[in-house]
Each structure stands twice: as C-alpha cells, then as structure tokens.
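> how would this look folded up:
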Amino acid sequence: MKAIQFGAGNIGRGFIGAVLAEAGYEVIFADVVEELLNQINERKAYTVHVMDTNKYDVDIKGISAVNSGSDNAVQAVTEASIITTAVGLRILKFVAPTIAKGLKARKEKNVETPLNVIACENGIRATSQLKELVFAQLDEDTAAWAKTHVGFPDAAVDRIVPPVHCEVPLDVAVEEYFEWDVEKASFVGEIPVIKGMTLVDNLEAYLERKLFTLNTGHATAAYLGKIRGYQTINESIADPEIYAVVKAAMQQSGEGLVRKFGFDHEAHFAYIEKILKRFQNPYLKDECNRVGREPGRKLAPNDRIILPMLTAKGFGLPYDKLLLAAGGALRFNNPDDPQSVEIAEGIKNDGLEKTIVKFTGLQANDPVVGEIKDAYDKVLTFAK
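Here you go, the predicted structure:
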C-alpha cells in the first residue's frame, strides 16, 4: 500500500505521515524543498520525539520523497491508495494540478483501485476546496471517471507540532495528543483501517469544535502574548491575565458551539481545560510568531475569530474576549509576515475601519466593526 503525503514539513512528518507509516503504508512525501527531499531519500527514516507528560520516540522507516510538481509525483498518484496533504490552504492550488494529472493517468491505465484524497489542513472543509481545484483541471471524461473512483473525504486534524530543533534535521518533536476525524460517507471503496483515524458522520461539528476552540485559543494567546513581549505560547499562557482572557475566549466560542451543535456543556468545557493544559506544555516552545502568522487569514469571516464571535452574537451570548483576539490580530507586528505588514499598511493608508471590513468581510455599517475598533485600542493594555 502506498500513500502520498503532500507536504514534508513538521505536520506532514510529525503527524499525518507518521500515522500512515505506522498503519503499514509505504509513505512517499511530496514537497518542493530540494534539500528536504534529498535528506528523506538519503536517510529513508526519521524519528518522531513525543515530548509531553509521557516521553517516547517513534521511528518512521521506509519513506521516500518526490518533487510535488514532477512526473515522479504524478506517477506516485497513479500507484497510491491514499493521498493526504498538510501544506496550508493557500498551497492547495499548487498541489491540485499534480493530483489531476495523476487521476488522468489512472484512468488511461484503467486503474480500478479506489483512491481517497484527504486534505489535513486547518480550515473548514479543506478537502472539498481541494476537490474543486482538482476537478477544475480535469476534462469531462476524467471528471466523470473520478466521481466514481476517487473519494474526497473532509477531515478535522489536531496536533501541535512546533518547529523544535532536533539533532537530526528530519526528526520532529510533537505533543502526545492528536485527533484525526474523517468524514465516513465521502470515502470511495472499502474504507482503510488506520489506527489514529476516526470515522465520523457529522464532521462539521468536529471541524468547528477544533477550529473554534484550539485554534481560537491558540491565536488569542499568540496575539496577546506578542503584544506583551512574550516569545512562546507557554510563556504567554503562564501570564495570569492572558490565561484568563484565552480561557474566556474559548468559553465564549464554546457557548456558541454548544448551542449550535448540541454538544454536552460539561464535556465541551472539559475539552477546553484539556487544550489549556496542552498550551502549557513546557517541552514544546511554540513561538507566538508561528502561531499568529497570517493574521489576515485568521481574521477571515469563516475562520477562528470572526465566525465564533458572530455565532456567539447570534445566540445573544457575550463575545468581548473574542473581540480582544480580533484587536490583537490587527496589531500583530511581525515584519517577516506579509499579512502582518499588509494589515499595518492598510490601517496607516486606508484607516482602521476599512481594514477591518476588508479582512473580516463584515459590512461597514455592522456594529461589530465599531466593537473591533474599540478592542484594537483595548489590547494595548496588555503591552508592558
């Protein structure tokens, strides 16, 4: 059994690629970083260092790598039984052409073995987005063939894999906890049995539970911590004032989720406590700059700040701590992050209100715009 993992970065190696290898797949990593590809093909192995309350190593062997835009990658698609991605939502459009070429080749070679493609990204229905990009590249006959031979199950993924320095460059450090929930109904053919992959029926609930709990809290900790001058998430969360806001923001998001999906209130709030403990992991020094990167994307109308805010508002619930997260995102100052620079320049040149409207998708006359403007000033109280 062959699996192609598009994206050989920390998430690709430390989470999805490792799970597939442990399940018995021959994992082929597809990426564009030649140095990384060469290291994988030379060593053909790496170690996942679990750094948590429990510490242990998982050796991953028998791996190889191809350039994701090469003919070798297309050939790998023709031979694979599962394809996964961990590249970031913005990069899916660059992965799609290779997958499309591979699907056309499978059809031409009369490959009848079912193929399932799962985008393991931080976003709502990333696989559906990838499917749309792939089908846009297919001719009519191949598209018709793919509808019956290729599944595109959406997924929710959860594991913190920060860029921790390892003595062996390919090795990766991870937290022990992980969750990979995949939409059962969208598979084609016999569903593969993969330890660590959970099949679910109502994926939307799992997607929003993760994105608007862990990611909401993570972003809030990063933005407020950055303003206060902290470098890492565990430093930020150790600050009692920031901890209180992060916890409250997750709870405000959680109250909306409980009402929207009928989650058990006690169980969901226990889930929030578990995530807060994960943020405090002293062994994974996850940087605020990494977690807070691309603030424009995180301020998008369907992402981790605005949507839970509007969900809470829609149920008549408080959302003032989520407003602080929005204010922090607008003040995220990282000259190496293009979106951070774009937001700062937008505020300077076009004004705060127009910049809020541009990135959040809110209407200019929406009262929430004014509330976010107020929060933009309030977060300065977190500055040292």
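
> show me where the stretch 201-350 of the chain has its helices.
Assigned helices in the stretch 201-350 of the chain, in chain order: 203-210, 216-228, 233-238, 240-261, 265-279, 288-291, 295-298, 306-314, 320-330, 338-350 (criterion: DSSP state H, counting those that start in this stretch).

> which of those sits closest to residue 31?
Proximity to residue 31 (Cβ to Cβ) singles out helix 288-291 among the helices of the stretch 201-350 of the chain, at 18.6 Å. The C-beta positions use only the backbone N, C-alpha and C, and glycine is treated the same way.

> residue 383: which of the helices of the stretch 201-350 of the chain is closest?
Among these, the nearest to residue 383 by Cβ to Cβ is helix 216-228 (5.5 Å).

> what angle do the closest one and helix 240-261 make?
Orientation check (axes from the mean of the first three to the mean of the last three Cα atoms, to 10 degrees): helix 216-228 against helix 240-261 gives 150 degrees.

> show me what helix 216-228 is packed against.
helix 233-238, helix 240-261, helix 265-279, helix 288-291, helix 320-330 (3 or more Cβ pairs under 8 Å, 6 or more residues apart in numbering; DSSP states H and E).

> at 6 Å instead, please
Secondary-structure packing of helix 216-228 (3 or more Cβ pairs under 6 Å, 6 or more residues apart in numbering; DSSP states H and E): helix 233-238, helix 240-261, helix 288-291, helix 320-330.

> hmm, who's touching the second one?
Just to be clear, that refers to helix 240-261. With contact meaning Cβ atoms under 6 Å, 6 or more residues apart in numbering, helix 240-261 is reached by 205, 212-213, 216-217, 220-221, 224, 236-237, 263, 265, 268, 272, 308, 311-312, 315, 317-319, 321-322, 324-325.

> hmm, who's touching stretch 192-207?
Stretch 192-207 is contacted from outside by 19, 23, 124, 154, 156, 180, 181, 182, 183, 184, 261, using Cβ under 6 Å, 6+ apart.

> ok so, going back, among the contacts of helix 240-261, name the buried ones.
Among these, those scoring as buried are 205, 212-213, 216-217, 220-221, 224, 236-237, 263, 268, 272, 308, 311-312, 317, 319, 321-322, 324-325 (criterion: 16 or more other Cβ atoms under 10 Å).

> from residue 292, how far off is the nearest residue to residue 235 once chain neighbours are set aside?
With sequence-adjacent residues excluded and distances taken as Cβ to Cβ, 6 or more residues apart in numbering, residue 235 is closest to residue 225, at 6.5 Å. To residue 292, residue 225 is 8 Å away according to Cβ to Cβ, to the nearest Å.

> same question for residue 115.
Look at residue 115 and residue 292: by Cβ to Cβ, they are 36 Å apart.

> got it, and residue 159?
From residue 159 to residue 292 the distance is 19 Å (Cβ to Cβ).

> of these two, give the one with the bigger neighbour count.
residue 292 (26 against 22; other Cβ atoms under 10 Å).

> wouldn't the more buried one be in contact with residue 332 here?
Yes. Using Cβ atoms under 6 Å, residue 292 is in contact with residue 332, at 5.2 Å.

> any shared contact partners between those two?
Listed as contacting both residue 292 and residue 332 by Cβ under 6 Å, 6+ apart are residue 223.

> rewinding a little: which of the helices and strands packed on helix 216-228 is buried the deepest?
Highest mean neighbour count among the helices and strands packed on helix 216-228 (mean count of other Cβ atoms under 10 Å): helix 320-330, with a mean of 27.

> residue 384: how many residues sit nearby?
Neighbourhood size, residue 384 [other Cβ under 10 Å]: 6.

> close enough to count as contact, it and residue 230?
No. In this structure residue 384 lies outside contact range of residue 230 using Cβ under 6 Å: 9.6 Å.

> thinking again about what came up before, ok, which of the helices of the stretch 201-350 of the chain comes nearest residue 36?
For these, proximity to residue 36 was assessed by Cβ to Cβ; helix 288-291 is nearest, at 17.8 Å.

> what helices or strands is the closest one leaning on?
helix 216-228.

> please repeat the previous calculation with a cut-off of 10 Å.
Counting contacts by 3 or more Cβ pairs under 10 Å, 6 or more residues apart in numbering; DSSP states H and E, helix 288-291 packs against helix 216-228, helix 233-238.

> hey, C-alpha coordinates of that helix in CSV?
What follows is helix 288-291 as a C-alpha-only set of coordinates in CSV (Å, rounded to 0.1, in the frame of the first residue of the first chain):
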residue,chain,number,x,y,z
CYS,A,288,3.9,33.4,19.0
ASN,A,289,5.2,34.5,15.6
ARG,A,290,4.4,31.0,14.2
VAL,A,291,1.0,30.6,15.8
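
> distance between stretch 135-155 and the chain's centre?
24 Å (Cα atoms, centre = their mean, to the nearest Å).

> now do stretch 9-18
Relative to its parent chain, stretch 9-18 has a centroid offset of 12 Å by Cα atoms, centre = their mean.

> tell me, please, where in this protein the pLDDT is lower than the cut-off.
The model of the chain has no residue with pLDDT under 70.

> what's near enough to touch the residue nearest the centre of the chain?
With distances taken as Cα atoms, centre = their mean, the residue of the chain nearest its centroid is residue 122 (2.1 Å). Counting by Cβ atoms under 10 Å, 6 or more residues apart in numbering, residue 122 touches 11, 86, 88-89, 156-158, 207, 210-211, 214-215, 218, 297-298, 303-304.

> what about it, distance to residue 190?
Distance of residue 122 to residue 190, given as Cβ to Cβ: 29 Å.

> and what of residue 234?
43 Å.

> likewise for residue 331?
Per Cβ to Cβ, residue 331 is found 50 Å from residue 190.

> list the contacts for the closest residue to residue 32 other than its chain neighbours?
Setting aside the residues directly before and after it, residue 32 is nearest to residue 68 in space (Cβ to Cβ, 6+ apart), at 5.7 Å. By Cβ under 10 Å, 6+ apart, residue 68 lies in contact with 4, 6-8, 29-33, 37, 74, 76, 85, 87, 91, 94-95, 97-99.
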